[in-house]
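**Q** quick one: sequence plus predicted model below, questions after.
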Amino acid sequence: MFVKNNYNRTDANGWRRKAGSLVADKDLGERVYTSRLIGLVPDLIMHGGGNTSVKVTRKNIFGKDEEILHVKGSGWNLDTIEAPGLPGVRLNPLREFRKLKKMTDEDMVNIQRNNLIDSGSPNPSVETLLHAFLPHKFVDHTHSTPFLILANLPHAKKICNEIFGNSLAIVPYIMPGFKLAKKAVEIYEENRSVKGMLLLNHGHFTFGKTAEESYRRVIEQTNKVATFFSLKKELELGKRLPTKNLYMVPKIRGLIADIALKENDPMPIIDLRNSKQVLNFLNNKNLTKLENRGMASPDHVIRTKGSPLHIKNTADYQNEKALKKHIEGFSDRYIKYFNRQSKKADEKKSILTADPKHGWLRSIGVIGVGKNAKEASATADLAEQNLHIRIISEKFGGFYPIKEKDMFDCEYWSLEQAKLGKGKPPAFEGKVVIITGGAGTIGLETAKAFSQLGANILLVDNNQKLLDIALSKLTPWDKSFCCDITDKNSAKKALEAAIWNFGGLDILVSNAGNAPSGYLLNLPNKKLRDSFELNFFAHQSFSVEAAKILEIQGRGGQILFNISKQAVNPGKGMGAYGMPKSTTMFLMRQLALELGSSGIRVNGINADRIRSGLLTSDFIKTRARARDISVQKYMSGNLLEKEVEARHVADAFIALANLDRTTGHVLTVDGGNTAAELR
Ligand code: ZN
């Protein structure tokens with residue numbers, strides 16, 4: 001069995017019970033349940049593709065019964081869908097539209113919105129009319145791996161008949177929307193006994209009287225096709241193996257930005273996959289002829305573009321000129337494709353960025369490229385699935401998806417085009433930020449500030465539990481790396497984690513530290529040396545390793561240090577802290593000098609008296625008592641007479657990160673302290 005039937009009567013009843021007392025809500029509850037069963041299996045559906053529906057009867061505001069179609073709304077994924085993700089649309093008006101000969105996509109979306117029972121719902125799927133025109137209570141639509149193999153074979157019809165006889169209808173390729181809905185239902189009406197539909201070059205539909213029946217048909221029919229192609233194991237997506245070629249990823253990231261993107265476009269985020277299966281696929285000798293065939297389902301194209309960046313000669317990795325040629329070649333071909341196809345389009349089209357969205361890098365792996373980690377990961381999943389589909393299809397007659405014109409219509413769909421240029425991307429979109437001491441007060445506050453501005457975050461700290469708590473305050477796509485930053489290889493490993501997760505690095509916030517105290521004459525040698533390890537050498541190793549990656553990427557970047565006012569304004573008994581910190585300040589200046597010509601800016605912050613792991617409330621109380629003043633007075637003992645908080649330090653890091661022409665600078669965040677002023 002390829003995919004398992006996970007339907008469970010007790011669970012289904014649980015969902016029905018939870019949904020409320022109305023039968024319509026109970027049916028919707030069970031619809032949510034089986035939608036999730038489908039969404040949880042990547043081989044059935046991934047990343048917003050596919051959709052499900054149920055038809056129910058509800059009373060309208062006049063107390064009259066009305067048929068309502070609940071169909072998946074945009075922005076929801078089936079694996080996590082809830083009832084509001086299946087907006088209700090009045091069914092009768094939708095059915096009426098079958099009488100029309102033509103309908104634009106804009107009209108279709110507008111009509112669907114006009115008939116929502118809750119005007120605040122998301123847009124119903126573009127495949128809504130197909131669900132509406134079919135008479136069945138439950139309808140399920142997937143883009144499963146086995147059906148995508150079948151749907152793109154040259155003899156798909158013949159094989160489909162061989163597997164299913166005439167129990168499956170076959171619908172020719174038409175772009176999703178009004179025309180496809182009309183055609184599909186016409187074909188269904190020619191033989192109402194069918195139990196599902198194969199949509200050529202697109203996917204699979206099933207239907208049934210109950211949620212269980214429609215879902216069971218998804219599983220049974222998918223397994224039948226899988227058996228025909230001898231597919232035994234489900235896709236194992238996202239596998240990663242150690243590779244000596246890891247540093248090629250930031251190299252390629254930098255070249256893509258340099259060659260295929262404009263100066264102010266966000267940097268691409270890259271997700272690398274290199275399971276044994278993927279690496280084997282990339283050695284397949286048929287790959288070159290497969291690269292320009294297109295993608296397995298029309299909705300993939302929006303994420304992946306129609307073809308990959310394909311590097312098959314491994315010697316090219318050592319040759320910058322050859323690498324550049326690959327990316328230039330991709331961009332040129334993409335622009336030509338746009339020019340060729342946009343001429344044929346009904347309305348004016350605006351070209352999208354000409355960068356590759358996925359790549360086949362022989363002996364390195366498959367990459368997904370996106371404007372953030374979520375997008376890159378979704379694209380990488382589809383890239384892995386598509387590679388798999390192509391290789392298997394070749395054994396059964398060949399992979400022949402939609403033609404270039406149809407692909408262009410999907411990629412440059414008018415409704416997607418209408419979204420372009422609306423809203424500015426967040427300031428740090430596409431940026432990868434590593435923060436040491438990321439689970440601490442200042443580190444986490446800084447992470448939140450960068451994350452809110454669209455950056456992808458890697459938190460580094462020495463306690464996984466605290467890291468998990470910190471991560472829970474960021475987005476699900478931010479990551480952590482647990483290590484003792486004073487260990488010999490931890491800087492290299494932490495930076496490699498950034499490459500694995502995001503494809504490179506743009507900003508290092510070297511923040512971790514501690515503040516040992518003691519008068520120099522009594523200070524144990526070890527205490528001083530330990531302080532140098534954490535407060536200087538860890539900064540040195542992280543910044544040097546970061547600079548190496550930034551140089552490989554060739555797109556500049558930034559190193560930001562959390563120094564301390566102790567570096568310029570010593571406090572009694574704080575020598576073990578101040579000495580390494582003043583050396584770290586010198587390190588900042590030295591790196592600024594040596595890295596300036598690579599466009600890498602190096603700056604620091606001198607903060608003072610911030611409540612944190614360094615300055616605990618007990619410590620604050622002791623200090624305040626020693627001076628015979630209140631805690632509040634102690635904390636606001638500065639020129640502005642206001643307490644300085646972690647968020648002010650975070651703001652300062654953001655400010656420095658934004659100052660394009662500033663390097664070798666120290667910004668003070670201490671509320672004003674004449675003795676600690678730098679310039
Ligand atoms: Zn579809």
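**A** Received, thanks. Numbers count the residues shown, from 1 in each chain.

**Q** okay, the nearest residue to G557 once chain neighbours are set aside and N606: tell me how far apart.
**A** Closest residue to G557 apart from its sequence neighbours, by CB to CB, 6 or more residues apart in numbering: L550 at 3.7 Å. To be clear about C-beta, it is placed using only N, CA and C from the backbone, and glycine gets the same treatment. L550 sits 24 Å away from N606, going by CB to CB, to the nearest Å.

**Q** mind listing what's buried along stretch 228-247?
**A** 228-229, 231, 235, 237, 243, 245-247 (16 or more other CB atoms under 10 Å).

**Q** give me the contact list for it.
**A** By CB atoms under 8 Å, 6 or more residues apart in numbering, the surrounding residues in contact with stretch 228-247 are 2-3, 41-43, 145-146, 149-150, 159, 162-163, 226, 272-278, 317, 363-365, 377, 380-381, 384-385, 388, 392, 396, 496, 499-500, 549, 552.

**Q** so which of the residues you listed sit within strands?
**A** Taking DSSP state E as the definition of strands, the contacts of stretch 228-247 contribute 272-273, 365.

**Q** who wins on neighbours among the residues you listed?
**A** Greatest neighbour count in the ones in strands among the contacts of stretch 228-247, by other CB atoms under 10 Å, goes to G365: 28 neighbours.

**Q** need the ones in strands among the contacts of stretch 228-247 in a markdown table with pLDDT and distance to G196, can you?
**A** Below are the ones in strands among the contacts of stretch 228-247 laid out as a markdown table (pLDDT from 0 to 100; distance: CB to CB, whole Å):
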| residue | pLDDT | distance to G196 |
| --- | --- | --- |
| L272 | 95 | 37 |
| R273 | 94 | 31 |
| G365 | 95 | 35 |
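
**Q** TSV please, covering these and showing distance to E429.
**A** Compiled in TSV, the ones in strands among the contacts of stretch 228-247 are given as follows (distance: CB to CB, whole Å):
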residue	distance to E429
L272	20
R273	23
G365	25
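
**Q** quick one: which of the residues you listed is nearest K55?
**A** Checking the ones in strands among the contacts of stretch 228-247 against K55 with CB to CB, the nearest one is R273 at 39.7 Å.

**Q** what number of residues lie near the residue lying closest to that closest one once chain neighbours are set aside?
**A** Nearest residue to R273, sequence neighbours excluded (CB to CB, 6+ apart): V366, at 4.8 Å. A count of nearby residues for V366, using other CB under 10 Å, gives 25.

**Q** V366 and P356 touch, don't they?
**A** No. The criterion here is CB atoms under 8 Å, and V366 misses it with P356 at 11.8 Å.

**Q** read off the pLDDT value for the residue nearest to K251 when sequence neighbours are not counted.
**A** What sits nearest to K251 in space, not counting adjacent residues and going by CB to CB, 6+ apart, is I552, at 5.3 Å. I552 is assigned a predicted lDDT (pLDDT) of 97.

**Q** show me the contacts for I552.
**A** Shown in contact with I552 (CB under 8 Å, 6+ apart): 247, 250-251, 254.

**Q** who wins for neighbours among the residues you listed?
**A** P250 (26 neighbours).

**Q** quick one: that residue and L272, what's the gap?
**A** 11 Å.

**Q** common neighbours of those two, please.
**A** Joint contacts of P250 and L272 (CB under 8 Å, 6+ apart) are 499, 503.

**Q** just to revisit the earlier point, narrow the contacts of stretch 228-247 to those that are buried.
**A** Judged by 16+ other CB under 10 Å, buried ones among the contacts of stretch 228-247: 2-3, 41-43, 145-146, 149-150, 159, 163, 226, 272-275, 277-278, 317, 363-365, 377, 380-381, 384-385, 388, 392, 396, 496, 499-500, 549, 552.

**Q** which of these fall in helices?
**A** 145-146, 149-150, 159, 163, 226, 277-278, 377, 380-381, 384-385, 388, 392, 496, 499-500, 549, 552 (DSSP state H).

**Q** now F138, what are its backbone angles?
**A** Backbone torsions of F138, given as degrees, to the nearest 10, read phi -120, psi 130.

**Q** so for the spatially closest residue to it that is not a sequence neighbour, what's the pLDDT?
**A** Distances taken as CB to CB, 6+ apart put S214 closest to F138, at 4.0 Å, once the chain neighbours are dropped. Here, the pLDDT recorded for S214 equals 97.

**Q** do you know how far S214 is from H136?
**A** Taking CB to CB, one finds S214 at 7 Å from H136.

**Q** so what sits against both of those two?
**A** Common neighbours of S214 and H136 (CB under 8 Å, 6+ apart) are 207-208.

**Q** more neighbours: the two, which one.
**A** Counting neighbours by other CB under 10 Å for S214 and for H136 shows that S214 has the greater number, 26 against 19.

**Q** mind listing what the more buried one touches?
**A** 34, 136, 138-140, 206-208.

**Q** what is the neighbour count of N673?
**A** Neighbours of N673 using other CB under 10 Å come to 18.

**Q** which non-adjacent residue is nearest it?
**A** Per CB to CB, 6+ apart, closest to N673 is N638, 5.7 Å.

**Q** residue contacts, that neighbour?
**A** Applying CB under 8 Å, 6+ apart, we find N638 in contact with 608-609, 644, 670-673.

**Q** ok, of those residues, which come out buried?
**A** Buried among the contacts of N638 by 16+ other CB under 10 Å: 608-609, 644, 670-671, 673.

**Q** I'd like those laid out as JSON lines, including pLDDT, secondary structure and distance to L198.
**A** Shown next, in JSON lines, are the buried ones among the contacts of N638 (pLDDT from 0 to 100; DSSP: H, G, I helix; E, B strand; the rest coil; distance: CB to CB, whole Å):
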{"residue": "D608", "pLDDT": "90", "secondary structure": "coil", "distance to L198": "69"}
{"residue": "R609", "pLDDT": "88", "secondary structure": "coil", "distance to L198": "69"}
{"residue": "V644", "pLDDT": "95", "secondary structure": "coil", "distance to L198": "65"}
{"residue": "D670", "pLDDT": "93", "secondary structure": "coil", "distance to L198": "69"}
{"residue": "G671", "pLDDT": "93", "secondary structure": "coil", "distance to L198": "69"}
{"residue": "N673", "pLDDT": "91", "secondary structure": "coil", "distance to L198": "74"}
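
**Q** max pairwise distance over those: which two?
**A** V644 and N673 (10.1 Å).

**Q** which residues do those two both contact?
**A** The contact lists of V644 and N673 share 608, 638, where a contact means CB under 8 Å, 6+ apart.

**Q** and stretch 50-63, what's its mean pLDDT?
**A** For stretch 50-63, the per-residue pLDDT averages 94.
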